[in-house]
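> return atomic coordinates for the entry below.
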Amino acid sequence: MDFLTSYRYPLSFIESKELLKMYFREFLISTLLIGIATGHMPNTELLEDPVHFSLHKLSESVNTFGFNLFSSMKRIGTSPNVCLCPVSLVNVLSILHYGARGETEKELSKVLFFNDYNLTSTEAAEAFYKLQTELLVSSNHNHYFFNASATILIDEHSNVLQSFQRKAEVLFQIPLTVVNFKDSAVKTVGSINTWVAERTRIKILEIIDKIDESADMIVLNAAYFKGRWVHTFSPSNTTYKFFYNYGSRSYLKKVPMMSMTKRLRCYVTHDYRVLEVPIRGRNLSMVIYLPSTKEGLFNVENILFPEVFWDNMNLLHQRQVKVTLPRFNFEFHGNLTENLLHLGAKTLFDSHSVNLSGMMSRKRVIFRDVQHKTFLSVSEGGIDAMPPRNSISHKIFAEKYDMLFEVDHPFIFFIYDKRLSMILFMGHISEL
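Purely as a prediction, here's the structure:
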């Protein structure tokens, strides 16, 4: 029986709610005891919904992890275009943290920034459950759609603890796929690729081409987003213009450039300009950081931290802006093993030191890959929104504006959720 037909979440929805209630009771009791001991009683509203506070801490962790991972991409070297989905990566890596013990747990707490924001593995599980079952699931409508498809492939000889699998699959909404790496490798690869293709609306067709038979565990993660602009670009304004690939005149390329003039939120500094392009349906936006110079991408990335990002969001203000933005699409695929090692997950990839005793009985575990794949398409209609017909034209309307935001060279982008204060996607475009 293959992955698609055999996988079912082990608990019913009612059972999973009861499991969450049990965790909440434990959380409330421990919080009250701390309050009595210290003399500082917690806020009663927080006690009514402790997950709300956990979600805030999770958002902070996801955002900081995303920036840290993004920064490591250029140090280690990767493709010219990068698109990461930090929330989906933290989700799947949190399962490993949930089952890790000893030094491995400590390292993952630091890598995921759970330590920095005092987020326990149980709180992370509670927050992700609410995020997956209530907050992100509502995106299944006409305006926008967000899907993160992930699984952890585990060789059956690793002896996964059923109690752990039962809890983890419900709380994190991610299946643990237990298979025989040697006997069922080819069949499993085909089934998982089919599953991912269906979940991403056939945008990501393949996330894995083979299974390393010497490994005991592999993490697979794919993410896809679709959304319509609040202000769509008129197809009649789209013309071919030059884009400075790598910020150099030596790599100039003509690409379809969309154009519109609207009142949008923006902010200007000496080093870069920031523009927010709102997405329909909820408090979602695409935020673009455009370096002041053609070759300034890496300089901006070196000074862009989470605190700077949020400070800039508070400084955005309405102006009449003429925007020219390239129409493009690309697929990013990266093995993040080296990046996670660089960030401090040392023992996780060391078969002699790794401690995942909370999730499996086997002590010596060979953990090979963390495969991450995303798809991004930007057009007149939005992010992977169907472009209008006859989208290429040489007709340009003259409209008054007081700021020009011409994206004709490498830039940084974010797709973020204002309600959650959480970054869903982030990356940069260097080549079109």
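
> do I have it right that Lys182 meets Glu213?
Yes: between Lys182 and Glu213 there is a contact at 5.2 Å, judged by CB atoms under 8 Å. Where you see a C-beta, it was placed from the backbone N, CA and C, and this is true even at glycine.

> all strands for the stretch 301-432 of the chain, in order.
317-326, 328-335, 367-378, 382-383, 403-406, 411-417, 422-429 (DSSP state E, counting those that start in this stretch).

> burial measure for Arg75, as a count.
Per other CB atoms under 10 Å, the neighbour tally for Arg75 reads 10.

> okay, and it sits in which element?
Secondary structure assignment for Arg75, by DSSP states H and E: helix 50-76.

> give the buried residues for that helix.
Neighbour counts over helix 50-76 (16 or more other CB atoms under 10 Å) mark 50-51, 53-73 as buried.

> ok, Ala222 to Met422 distance?
19 Å (CB to CB, to the nearest Å).

> tell me which stretches of this protein form helices.
Assigned by DSSP state H, the helices in the chain fall at 3-6, 13-38, 44-48, 50-76, 86-99, 102-111, 121-130, 162-171, 185-199, 297-303, 306-315, 337-343.

> any stretches of this structure with poor pLDDT?
1-50, 76-78, 137-142, 282, 386-398 (pLDDT under 70).

> which strand runs longest in it?
Secondary structure assigned by DSSP state E gives strand 252-268 as the longest strand of the chain.

> and it, what does it pack onto?
With contacts taken as 3 or more CB pairs under 8 Å, 6 or more residues apart in numbering; DSSP states H and E, strand 252-268 sits against strand 239-244, strand 272-279, strand 317-326, strand 403-406.

> deepest of the strands of the stretch 301-432 of the chain, which one?
Most buried of the strands of the stretch 301-432 of the chain, by mean neighbour count (mean count of other CB atoms under 10 Å): strand 382-383, with a mean of 24.

> for the helices of the chain, which one sits closest to Val370?
helix 337-343 (5.6 Å; CB to CB).

> Phe328 pairs with what?
Phe328 has these beta-bridge partners by DSSP bridges: Val378.

> hmm, it is touching Ile383, no?
No: counting by CB under 8 Å, Phe328 sits too far from Ile383 to count as a contact (11.0 Å).

> what touches both of these two?
Counting by CB atoms under 8 Å, 6 or more residues apart in numbering, the common neighbours of Phe328 and Ile383 are Ser377.

> returning to what we had before: going by neighbour count, list what's buried in the longest strand of the chain.
Using 16+ other CB under 10 Å as the test for burial, strand 252-268 gives Pro256, Met257, Met258, Ser259, Met260, Thr261, Lys262, Leu264, Arg265, Cys266, Tyr267.

> tell me the one among the residues you listed nearest to Ile207.
Pro256 (28.7 Å).

> tell me the spacing between the closest one and Phe425.
For Pro256 relative to Phe425 (CB to CB), the value is 22 Å.

> returning to what we had before: Phe172 is nearest to which of the helices and strands packed on strand 252-268?
strand 272-279 (26.0 Å).

> what angle do the closest one and strand 411-417 make?
Interaxial angle of strand 272-279 relative to strand 411-417 (axes from the mean of the first three to the mean of the last three CA atoms, to 10 degrees): 40 degrees.

> what's next to strand 272-279, contact-wise?
143-144, 227-231, 264-268, 284-292, 296, 300, 312-313, 316, 321, 323, 325, 382-383, 405, 415.

> hmm, try it at 6 Å
With contacts defined as CB atoms under 6 Å, 6 or more residues apart in numbering, strand 272-279 is touched by 144, 227, 230, 265-267, 285-292, 300, 312, 316, 405.

> mind listing what's buried in that strand?
Tyr272, Arg273, Val274, Leu275, Glu276, Val277, Pro278, Ile279.

> please name the bridge partners of the first one.
Listed beta-bridge partners, Tyr272: Pro291 (assigned using DSSP bridges).

> the chain should start at 46 in everything you say after this.
Okay, using 46 as the starting number, the last item reads as Tyr317.

> tell me the spacing between it and Val353.
Distance check for Tyr317 against Val353: by CB to CB, it reads 10 Å.

> ditto for the fourth one
When distance is defined by CB to CB, Leu320 is 16 Å away from Val353.

> against Ala169, how distant is Thr149?
Taking CB to CB, one finds Thr149 at 16 Å from Ala169.

> so which of the helices and strands packed on strand 297-313 is nearest Ser154?
Going by CB to CB, the one of the helices and strands packed on strand 297-313 nearest Ser154 is strand 317-324, 32.1 Å.

> how far off centre is the closest one?
Distance of strand 317-324 from its chain centroid, counting by CA atoms, centre = their mean, to the nearest Å, is 19 Å.

> angle of it against strand 362-371?
Taking the same axes, to 10 degrees, one finds that strand 317-324 is oriented at 90 degrees with respect to strand 362-371.
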